[in-house]
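In: coords below, sequence missing:
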C-alpha cells in the first residue's frame, strides 16, 4: 500500500497539469516569468507595436507638458510664502484671482491622467526595444517614481489652492492668514521638495532606458541627466524650476513621435530590391 501510495503522489506532483490548475503565471518560477516577458517583448517588436506605443507616449507627453504649464501658471497666482499678510488678504478678497486658481486646480487632474497615459505608453514602448528586457530595476523605479510624482503633485496643488477653493464654493468665513500661509507652505513642500525629487528619479530612469535602447542620442541623454540633476539639487520654490520636468517630457515626447514616424516609414517603404522591410527592422533607433 505504501509503495502504490508513493507512486500515486509522485505522478500527482510531476504530472503535466494544465497551467490554470497549477495556479497560472503567478505561481511560476521567476526565471520562467522573465523568459515569457522577453518572448512577449520580442513578439511585440515583431508585430510593429513599438511605433504605436511611441506615438501614444509622444502625443500624451506633449499634452501633459501643455496642461501642466497652464495649471502651474494659474495656481501660482495664489500668494507665495514670502509675501506680506496684506497681500494674502487682498488676494482672497478679490474673487477673480481665486477663480483663476480654482480653474488651475481643475486642470491639474487632467494633467495627471495624461501623464499616466504617457508613463504607461513609454513603459510598453521600452518593453518592445532590444536591450531593455534585462533592466528590471530601472523599469520598476520608473513606475514607482512616476506614480509618486502624481500623488505628490495632486496633494501639493490641492493644499496650495485650498483657500481659493473655499472662497469660490463656500460662504463660510475664510481662515486667518497664517492658516493660508501654512497650507501654501505644505503644498510648496510636497511639490518642490518631494515631488521634484521623484520627478528627477523618473527622468534618470527613463533617460537610462531610452539611451540603452538607442532611442536617445548621446547629447539628448546628457541633457536629460542635466535636467534631472538640476531638479534633484534645486532648493528654490520659483516656478521656473517646476517647468524643467514638463520641458524635458516635451523634448522626449517629440523625439518619440519623430522616431515612430521614421520607424513606420522604414517598415512600409520598399527596399531597392523590391522587398518590404520587415517589422523587426522598424525598431526606433537614433541611427
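Out: Thanks, I have it. Source: prediction; values computed, not measured. Numbers count the residues shown, from 1 in each chain.
In: where does the protein dip in pLDDT?
Out: 1-48, 95-96, 131-134, 267-287 (pLDDT under 70).
In: same thing but 80
Out: Counting by pLDDT under 80, the chain contains low-confidence ranges at 1-51, 80-82, 85, 88-98, 129-135, 170-174, 236-239, 263-287.
In: can you point out the buried residues in the helix or strand encompassing residue 56?
Out: Element membership for residue 56 (DSSP states H and E) is helix 49-75. Across helix 49-75, burial judged by 16 or more other Cβ atoms under 10 Å covers 49-65, 67-69, 71-72, 74-75. Placement of C-beta: from N, CA and C, glycine included.
In: ok, now stretch 141-153?
Out: Neighbour counts over stretch 141-153 (16+ other Cβ under 10 Å) mark 141-142, 145-146, 148-150, 152-153 as buried.
In: ok now that stretch, how far from the chain's centre?
Out: Per Cα atoms, centre = their mean, to the nearest Å, the displacement of stretch 141-153 from the mean C-alpha position of its chain is 7 Å.
In: which residues are contacting that stretch?
Out: Surrounding stretch 141-153, the residues in contact under the criterion Cβ atoms under 8 Å, 6 or more residues apart in numbering are 108, 112, 115-116, 119, 122-123, 190-191, 194-195, 198-199, 201-202, 205-206, 209.
In: among the buried residues of stretch 141-153, which two are most distant?
Out: Farthest-apart pair in the buried residues of stretch 141-153 is 141 and 153; separation 18.0 Å (Cβ to Cβ).
In: just the helices in this protein please.
Out: Secondary structure of the chain (DSSP state H): helices at 2-14, 30-46, 49-75, 85-93, 95-127, 136-160, 162-169, 177-188, 196-212, 218-233, 239-242, 244-268.
In: for the shortest one, buried residues please.
Out: Right, helix 239-242. Using 16+ other Cβ under 10 Å as the test for burial, helix 239-242 gives residue 242.
In: then the fifth one?
Out: Of all the residues in helix 95-127, those buried under the rule 16+ other Cβ under 10 Å are 97-98, 100-105, 107-109, 111-112, 114-115, 117-127.
In: relative to helix 162-169, how tilted is that helix?
Out: 120 degrees (axes from the mean of the first three to the mean of the last three Cα atoms, to 10 degrees).
In: what residues are up against the residue nearest to residue 114 when sequence neighbours are not counted?
Out: Distances taken as Cβ to Cβ, 6 or more residues apart in numbering place residue 64 nearest to residue 114, at 4.4 Å, with adjacent residues excluded. By Cβ under 8 Å, 6+ apart, residue 64 lies in contact with 111, 114-115, 118, 246, 249.
In: next one: residue 107
Out: By Cβ under 8 Å, 6+ apart, the contact set of residue 107 is 67, 70-71, 74.
In: for the closest residue to it other than its chain neighbours, give its distance to residue 111.
Out: Of all residues not flanking residue 107 in the chain, residue 71 sits nearest, at 4.0 Å (Cβ to Cβ, 6+ apart). Computed as Cβ to Cβ, to the nearest Å, the residue 71 to residue 111 distance reads 6 Å.
In: swap in residue 228?
Out: 20 Å.
In: these two touch, right, residue 254 and residue 58?
Out: Yes. Contact criterion Cβ atoms under 8 Å: residue 254 and residue 58 qualify, at 6.8 Å.
In: any common contacting residues for the two?
Out: Joint contacts of residue 254 and residue 58 (Cβ under 8 Å, 6+ apart) do not exist.
In: what about the closest residue in space to residue 239 that isn't next to it in sequence, neighbour count?
Out: Once flanking residues are discounted, residue 239 sits nearest to residue 76: 5.0 Å by Cβ to Cβ, 6+ apart. Counted with other Cβ atoms under 10 Å, the neighbours of residue 76 add up to 17.
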